[in-house]
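>>> I would like to see how this sequence folds:
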Amino acid sequence: MKITEEAVRNVLAKVIEPDLKKDIVTLDLVSVISVDADRISLSVQVSNPAMHSRKRMEEAVTFHLKQAFGDAINVNVDVKPLSGELGKLRKVLPDVKHIVAVASGKGGVGKSTITANLAVGLARLGWKVGLVDADIHGPSMPMMLDVIHEKPSTVERNGKHWIVPVESHGVKMLSIGFFAAQDQAIAWRGPMASKALEQLFKDAEWGELDILLVDLPPGTGDIHLSLVQAIPLTGAVIVSTPQPVALADARKGVGFFRLPSVNVPVLGIVENMAWFTPAELPENKYYIFGRGGAAALAEELKVPLLGEVPLIQSIREAGDVGRPAVLQSDTPSAALFNELCIALQKRLHDLQLDTAGGSRQHEQAHA
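Numbering: from 1, shown residues only. Coordinates of the predicted model:
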């Protein structure tokens, strides 16, 4: 078959956009940049902006073109997320700019404390923030955001009932903890837990958000796999303490998001409990869990260290009473969390620029 732009489009008419359920040519998602005897360069848009979704589209396009024109053909595919009005057709959370998972390799490192302070801190900086407590077996966000006695309401739209998130400190929030009594153990098997979690995303009225944070359970199990398959994640933040046993699990957490089948950018590592500072000696630092472990891991794995958060009694107390420490104006704790929020904002901004810049360079190179 002779390689022409028309022939390329005819081949790609067999590739279906998984969310929109039509072929990418009919949806006008293909821009052919150049075609010659041994090279095809093109740009394709996808509804799910997650990197694993873009990778699958790249593989599908490359497979069909090589099958039609031969393995010797050089195929360059630039896959970008949908923009403009067509982008609104994305079925899962179309009005949410960034979806960021907060994960840890092991429990007890303060992941939920970091997530709660990030959510409230970003809201204080003017962002529209949502939070999903995906820690199915140990939901703690209702307590940390002081909504332990509240329940989400529902609203009917177009014949369907939607869950309306609870709001606290400027953050919209849903948690499995809302749907069980405080003393009730949630003993669910993987499929049931994954289905319940999916409803918190797909059956909730989140509206327009700048960011939706997802507080994941420890480890890398069913919930994590279900999340990356169903939700278009922008990236992940890994929380660890400096001690070697936590760092070993944090390394696995980074490795999970870097799996080819997952392929979600790791936005950075947060070192929690970096040092201990007693209230009566605010200038003193005691490195009771070791020193600089997360910084060394971040350097080794080539990911940013987003921030270091000390072990301070007031941070723990603030979480216990449902008023995250970032709300404690003019305190060292609030300043640290504010810096962490700004670091995350910058990472997300840089990630957008990297994606856009890569697309422009690709188009210029083959113009």
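
>>> quick one, helices of this structure?
5-12, 51-69, 84-87, 111-124, 141-144, 190-202, 222-230, 244-257, 293-301, 313-320, 332-365 (DSSP state H).

>>> okay, buried residues for the first one please.
What it means is helix 5-12. Using 16 or more other CB atoms under 10 Å as the test for burial, helix 5-12 gives 7-8, 11-12. The way it works is simple: take the backbone N, C-alpha and C, and place the C-beta from them, glycine included.

>>> picking that back up, for V164, which of the helices of the chain is the nearest?
helix 190-202 (12.0 Å; CB to CB).

>>> sketch out the low-pLDDT regions of this protein for me.
50, 83-91, 180-191, 193, 220-222, 353-367 (pLDDT under 70).

>>> quick one, longest strand in it?
strand 266-276 (DSSP state E).

>>> and the angle for that strand with helix 293-301?
On the basis of axes from the mean of the first three to the mean of the last three CA atoms, to 10 degrees, strand 266-276 is oriented at 150 degrees to helix 293-301.

>>> just confirm S140 contacts V147, I think it does.
No - applying CB atoms under 8 Å as the test, S140 and V147 come out as separate, 11.7 Å apart.

>>> show me the protein divided up by domain.
5-87, 96-350 (automatic domain parsing).

>>> please identify the deepest-packed of those.
domain 96-350 (a mean of 19; mean count of other CB atoms under 10 Å).

>>> distance of the residue positioned nearest the centre of the chain relative to L344?
Taking CA atoms, centre = their mean, the centroid of the chain lies closest to V100, which sits 2.3 Å from it. Noted for V100: a distance of 8 Å to L344, by CB to CB, to the nearest Å.

>>> who touches both of those two?
237, 267 (CB atoms under 8 Å, 6 or more residues apart in numbering).

>>> hmm, back to that, run through the bridge partners of the residue nearest to the centre of the chain.
L213, G235 (DSSP bridges).

>>> wait, doesn't it sit right on V237?
Yes - the pair V100 / V237 is scored as a contact, 6.3 Å apart, by CB under 8 Å.

>>> overlap in contacts, those two.
With CB under 8 Å, 6+ apart, V100 and V237 have common neighbours 267, 344.

>>> right, and S43 touches S31 too?
Yes - S43 lies in contact with S31 (CB under 8 Å); the separation is 4.3 Å.

>>> I'd assumed A103 was in contact with I114.
No - between I114 and A103 there is no contact under CB under 8 Å: 10.6 Å.

>>> what touches both of these two?
In contact with both I114 and A103: 237, 239, using CB under 8 Å, 6+ apart.

>>> L212 is in contact with A119, correct?
No - applying CB under 8 Å, one finds A119 not in contact with L212, separated by 9.5 Å.

>>> mutual contacts of the two, please.
129, 131.

>>> and K80, bridged to which residues?
Bridge pairing for K80 - DSSP bridges - gives Q45.

>>> that one and L351, how far apart?
Taking CB to CB, one finds K80 at 13 Å from L351.

>>> try R251
22 Å.

>>> what of V147?
Taking CB to CB, one finds V147 at 31 Å from L351.

>>> excluding chain neighbours, what is closest to P217?
Using CB to CB, 6 or more residues apart in numbering and skipping the chain neighbours, the partner closest in space to P217 is D135 (4.4 Å).

>>> need phi/psi at the one you found.
phi -80, psi 80 (degrees, to the nearest 10).

>>> that one contacts D215, doesn't it?
Yes - here D135 reaches D215: they are 5.7 Å apart, a contact under CB under 8 Å.

>>> which neighbours do those two share?
With CB under 8 Å, 6+ apart as the test, D135 and D215 both reach 112, 141.

>>> Provide a list of residues in contact with the residue nearest to D249 when sequence neighbours are not counted.
Nearest non-adjacent residue to D249, counting by CB to CB, 6+ apart: G105, 2.5 Å away. Residues in contact with G105 (CB under 8 Å, 6+ apart) are 218-220, 238, 240, 246, 248-253.

>>> cool, A298 as well?
268-269, 304-305.

>>> measure the closest residue to E150 other than its chain neighbours to L131 for me?
The shortest distance from E150 to any residue other than its chain neighbours is 5.0 Å, reached at V166 (CB to CB, 6+ apart). As judged by CB to CB, V166 and L131 stand 10 Å apart.

>>> could you name every residue contacting both of these two?
172-174.

>>> what's the closest of those residues to K66?
Using CB to CB, these come closest to K66 at L174, 43.9 Å.

>>> that closest one pairs with what?
Going by DSSP bridges, L174 forms beta bridges with V132.

>>> enumerate every residue touching it.
Per CB under 8 Å, 6+ apart, neighbours of L174: 131-133, 152, 163, 165-166, 200, 204.
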